[in-house]
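> structure for the following, please:
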Amino acid sequence: ASLCAVPEDYLTETLTTRVVEARRESFTVRLRPAQAAEAKDALAKALYGRLFSFLVRQINASIATQLEGSRCTISVLDIFGFECFAHNSFEQLCINYTNEKLQQQFNSFVFKMEQAEYEREAIVWSFIDYPDNQ
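This next block holds a predicted model:
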């Protein structure tokens, strides 16, 4: 609550209730625990999204250059190649990060573990050199 600059009781009420309006009357209805959890998750996603956008703006401002024809960027290469979005989101970064971790797990299993097993069993094989960008 303090990070959002709102009173704790206000945040608690906002995440655990909803207001229903009918016939010019308003009723406050308590959310079920699963609904409150969804509200909390939606708030967290929104906060992380805004923080990510803020960080991108700050980084872009710090690496901006005044040289004509020159442009500085930060890009993410994922396992499926380059993606070019007009606006990247925190959610997209999480997806790309997860994909990279899955690719590292696959590489570890297929290359490192298999080659280690070949060595343990003294199987003749050719070493496979692959990029390990951990």
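> low-confidence stretches in the chain?
Applying pLDDT under 70 to the chain picks out residues 73-86, 130-134.
> mind telling me which residue is nearest the centre of it?
Centroid-nearest residue in the chain, with C-alpha atoms, centre = their mean: residue 94, separated by 2.5 Å.
> give the buried residues for stretch 56-70.
residue 56 (16 or more other C-beta atoms under 10 Å). No exception for glycine: its C-beta is placed from N, CA and C like everyone else's.
> all strands for this structure, in order.
Secondary structure of the chain (DSSP state E): strands located at 17-22, 25-30.
> contacting residues for the residue nearest to the centre of the chain?
When contacts are counted by C-beta atoms under 8 Å, 6 or more residues apart in numbering, residue 94 touches no other residue.
> how about the strands of the chain, which one is nearest residue 39?
With C-beta to C-beta, the closest approach to residue 39 among the strands of the chain belongs to strand 17-22: 8.4 Å.
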